[in-house]
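Trainee: what shape does this take:
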Amino acid sequence: MAEDVETAETTDAGARPAARPGGRNARVRSQILAATTELVARNGVAGLRYEEIAELAGVNKNSVYRNWPDRAELVSDALLRYAEDSSPLHDSGDLRRDLVDFLMVLSERSSSSIGRALLQAGVAAPGNTDLDEAVRSVFDRRLATVRRRFDSAVEKGEIPPVDSYFVTELLSGPVYLYLIRRRDPFTREVAEKTVDVVLAGLNATAP
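Mentor: Predicted coordinates:
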């Protein structure tokens, strides 16, 4: 039987319940977000239906509507949740190795069904302002850790001052190109070459 989310309190009749932090409502919301991400990966954003989300999440359809009356907001929250740990970047003290590892993880996650759905959402987003903002937020959050790593490297003197956003785009671009072309796999050798070219360019053009 579908599980409802009637765990929050209301102050006025007909008012939207205020979600309690943690507990059953948090668990139901998590199930809904996970189901939404899976369905977006399976069918894309355009074919997303609340009935299917509720069935997959094992909750009442009203629970989905109550928590996310706006579909774009639901997709945004689901994708942002997915992006939180989709491409971690560790600071081992070796910038080259850290960047190569990041590109490999980025390639793996972007090649997944969810990653491909995210790219599809990016293509569809320009016609939908809310979805466009959601997709932008996902990619910005995913790449924010790389920019922070560059900023840290600059502070430590590993590389000269750089436009961390621009350099991050240079690094991640080949990953998406390989994914879109689907001709050759994005191997570690390719990741190493990409990082080496970018780092060499930074040092060569340093003031």
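Trainee: from what I see, residue 176 and residue 107 are in contact.
Mentor: No. When contacts are counted by Cβ atoms under 8 Å, residue 176 is not listed as touching residue 107 (9.2 Å). Yep, even glycine has a C-beta here, placed from its N, CA and C like the rest.
Trainee: more neighbours: which of the two?
Mentor: Neighbours were tallied for residue 176 and for residue 107 using other Cβ atoms under 10 Å; the higher tally belongs to residue 107 (23 against 17).
Trainee: how near is the nearest residue to the more buried one once chain neighbours are set aside to residue 192?
Mentor: Take residue 107 and drop its neighbours on the chain: the residue closest to it by Cβ to Cβ, 6 or more residues apart in numbering is residue 186, 4.2 Å away. Counting by Cβ to Cβ, to the nearest Å, the gap from residue 186 to residue 192 is 11 Å.
Trainee: repeat that for residue 106.
Mentor: Distance, residue 106 to residue 192, using Cβ to Cβ: 14 Å.
Trainee: those two - which one has more neighbours?
Mentor: In this view residue 106 and residue 192 are compared by other Cβ under 10 Å, and residue 106 has more residues nearby, 25 against 16.
Trainee: which SSE is the more buried one in?
Mentor: Using DSSP states H and E, residue 106 sits in helix 95-111.
Trainee: enumerate the positions of that helix that are buried.
Mentor: 95, 98-107, 109-111 (16 or more other Cβ atoms under 10 Å).
Trainee: likewise for stretch 47-62?
Mentor: Residues 48, 50, 52-54, 56-57, 59-61 are the ones in stretch 47-62 that count as buried (16+ other Cβ under 10 Å).
Trainee: most widely separated two among those?
Mentor: Maximum pairwise distance among the buried residues of stretch 47-62 (Cβ to Cβ): 17.7 Å, between 48 and 60.
Trainee: so, low pLDDT: which residues of the chain?
Mentor: Within the chain, the stretches with pLDDT under 70 are 1-22, 83-88, 117-135, 142.
Trainee: centre of the chain versus the longest helix anywhere in the chain, how much separation?
Mentor: Ranked by residue count and defined by DSSP state H, the top helix of the chain is helix 129-155. Centre-to-centre, helix 129-155 and its host chain are 10 Å apart (Cα atoms, centre = their mean, to the nearest Å).
Trainee: before we move on, what about stretch 95-110?
Mentor: 15 Å.
Trainee: using PDB, write out every CA atom in it.
Mentor: Taking Å, rounded to 0.1, in the frame of the first residue of the first chain, the C-alpha atoms of stretch 95-110 are listed here in PDB:
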ATOM      1  CA  LEU A  95      46.900  18.800  -8.500                       C
ATOM      2  CA  ARG A  96      47.400  16.800 -11.600                       C
ATOM      3  CA  ARG A  97      46.300  13.500 -10.100                       C
ATOM      4  CA  ASP A  98      43.300  15.200  -8.400                       C
ATOM      5  CA  LEU A  99      42.100  16.600 -11.700                       C
ATOM      6  CA  VAL A 100      42.700  13.400 -13.600                       C
ATOM      7  CA  ASP A 101      40.700  11.500 -11.000                       C
ATOM      8  CA  PHE A 102      37.900  14.100 -11.200                       C
ATOM      9  CA  LEU A 103      37.600  13.800 -14.900                       C
ATOM     10  CA  MET A 104      37.400  10.000 -14.700                       C
ATOM     11  CA  VAL A 105      34.600  10.200 -12.100                       C
ATOM     12  CA  LEU A 106      32.900  12.900 -14.200                       C
ATOM     13  CA  SER A 107      33.000  10.700 -17.200                       C
ATOM     14  CA  GLU A 108      31.700   7.700 -15.400                       C
ATOM     15  CA  ARG A 109      28.800   9.500 -13.800                       C
ATOM     16  CA  SER A 110      27.900  11.400 -17.000                       C
END
